[in-house]
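K.L.:
The following block contains a protein sequence and its predicted model.
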Amino acid sequence: MVEYVIDPAKTEAFERFGRRWMELVGRHGGTHHGYFLPAEGASDKAMALFSFPSLAAYEEYRTLFGRDPDFIEADRIRDESGCVLRYERTFMRPLLPGTP
């Protein structure tokens, strides 16, 4: 899970950033469960949920950061627009209905 503090005036840029990362996660073995953006009222919080089949698969995906041209281009959307003020990544495991 990634929690973001975004610039509410730059939500459109954040959506472009999010769409690009959803594509990249899927292309590199993960499942993106979506970005969740402010829907009403004054809010600067957003969230992304994605998963990988294993920690090893996630770590392999992470090796592409700062090296793969598509990853660099996706980060450029964030950096040049200033849509993300800060973010925090948290690793979690799901407890879903019907799982032991």
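P.N.:
Thanks, I have the structure now.

K.L.:
Would you mind finding the longest helix in the chain?
P.N.:
helix 11-27 (DSSP state H).

K.L.:
Show me which positions of that one end up buried.
P.N.:
13, 14, 16, 17, 18, 20, 21, 22, 24, 25 (16 or more other Cβ atoms under 10 Å). (Glycine included, C-beta is placed from N, CA and C.)

K.L.:
averaged over its residues, what pLDDT does it have?
P.N.:
Mean pLDDT, helix 11-27: 96.

K.L.:
List the contacts of it.
P.N.:
Helix 11-27 is contacted from outside by 4, 6-7, 31-32, 34-35, 37-38, 46, 48, 50, 61, 70-71, 73-74, 77-78, 81-84, using Cβ atoms under 8 Å, 6 or more residues apart in numbering.

K.L.:
again, 6 Å this time
P.N.:
Helix 11-27 has contacts (Cβ atoms under 6 Å, 6 or more residues apart in numbering) with 6, 32, 35, 50, 74, 77, 78, 81, 83.

K.L.:
Among the residues you listed, name the ones in helices.
P.N.:
74, 77, 78, 81.

K.L.:
And for the last one, nearest residue in space, chain neighbours not counted?
P.N.:
It refers to residue 81. residue 13 (3.6 Å; Cβ to Cβ, 6 or more residues apart in numbering).

K.L.:
Distance of the one you found relative to residue 68?
P.N.:
Distance check for residue 13 against residue 68: by Cβ to Cβ, to the nearest Å, it reads 21 Å.

K.L.:
Show me the beta-bridge partners of residue 88.
P.N.:
Beta-bridge pairing for residue 88 (DSSP bridges): residue 3.

K.L.:
ok, residue 80 - how many residues close by?
P.N.:
Under the neighbour criterion other Cβ atoms under 10 Å, residue 80 is assigned a count of 9.

K.L.:
wait, I meant residue 74
P.N.:
20.

K.L.:
hang on, the earlier thing: in JSON lines, list the contacts of helix 11-27 along with distance to residue 98 and pLDDT.
P.N.:
Below are the contacts of helix 11-27 laid out as JSON lines (distance: Cβ to Cβ, whole Å; pLDDT from 0 to 100):
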{"residue": "6", "distance to residue 98": "34", "pLDDT": "97"}
{"residue": "32", "distance to residue 98": "22", "pLDDT": "95"}
{"residue": "35", "distance to residue 98": "26", "pLDDT": "97"}
{"residue": "50", "distance to residue 98": "21", "pLDDT": "94"}
{"residue": "74", "distance to residue 98": "34", "pLDDT": "95"}
{"residue": "77", "distance to residue 98": "38", "pLDDT": "96"}
{"residue": "78", "distance to residue 98": "37", "pLDDT": "96"}
{"residue": "81", "distance to residue 98": "41", "pLDDT": "97"}
{"residue": "83", "distance to residue 98": "37", "pLDDT": "97"}
